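Trainee: below: sequence and its predicted model.
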Amino acid sequence: MENASKALLIAASMLIGILILSLVVYLFVSFGSTSAEIHKQNAAQQIAQFNSQFTLYEEKTCTIYDVISVASLAKENNNYYELNGPATGKDNYISVRLNTTAIENKSITDYDQIINQDVASISGTQDGSLPQYKCQIKISPTTERVCQVTFTPK
């Protein structure tokens with residue numbers, strides 16, 4: 001009888017050990033998937049925050065100064081990732097176009113020239129206001145980031 005009770009104790013301790021081990025594996029898998037989900041949410045939030053720098057121009061009437069601001073943001077991004085165009089949508093390169101001219105990698109003197117050309121066109125308007133532009137944003141389906149910003153005259 002004594003051997004039978006020892007066998008029952010061994011079986012019970014094995015069963016408890018298996019239950020504890022199963023609980024540990026379940027918690028590990030559960031916490032791992034939660035961590036991956038949080039990481040995905042953080043990445044999506046960072047992309048949305050990055051895109052918002054450009055998409056805010058889509059909703060308003062833009063001037064040449066807004067165009068230059070967007071071009072400077074794009075140039076910083078392209079320099080950070082050490083990318084040289086054209087935009088393919090498969091990398092983090094951002095192309096900025098004014099009418100049909102790409103302006104994302106211009107120098108500051110080029111920006112001054114673009115601004116001066118736009119300001120010179122004021123003489124043709126009656127109220128002396130800067131020409132206005134409409135902004136269109138293209139988001140890459142691959143990276144889910146802005147890949148092209150196009151400004152066209154209104």
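Mentor: Perfect, thanks for sending it. Residues are numbered from 1 along each chain as shown.

Trainee: so where does Gln53 fall, helix or strand?
Mentor: Using DSSP states H and E, Gln53 falls within helix 2-55.

Trainee: next, give phi and psi for Thr142.
Mentor: With angles defined as degrees, to the nearest 10, Thr142 sits at phi -80, psi -50.

Trainee: list the contacts of the residue sitting nearest the centre point of the chain.
Mentor: In the chain, the residue lying closest to the centroid (Cα atoms, centre = their mean) is Ile47, at 2.8 Å. Residues counted as contacts of Ile47 (Cβ atoms under 8 Å, 6 or more residues apart in numbering) are 143-145. For every residue, glycine as well, the C-beta is placed using N, CA and C.

Trainee: for those, which one is nearest Tyr57?
Mentor: Checking the contacts of Ile47 against Tyr57 by Cβ to Cβ gives Arg145 as the nearest, at 15.4 Å.

Trainee: let me know the helix or strand that Lys75 is in.
Mentor: Using DSSP H and E, Lys75 falls in helix 64-80.

Trainee: what about Ile16, neighbour count?
Mentor: Neighbours of Ile16 under the rule other Cβ atoms under 10 Å: 10.

Trainee: nearest residue to Phe151 in space, please, no chain neighbours.
Mentor: The spatial neighbour of Phe151 that comes closest, neighbours along the chain excluded (Cβ to Cβ, 6 or more residues apart in numbering), is Tyr133 at 4.2 Å.

Trainee: would you mind measuring from the closest residue to Asp91 other than its chain neighbours to Ser52?
Mentor: Closest residue in space to Asp91, ignoring its immediate chain neighbours: Leu83 at 6.0 Å, by Cβ to Cβ, 6+ apart. Distance, Leu83 to Ser52, by Cβ to Cβ, to the nearest Å: 21 Å.
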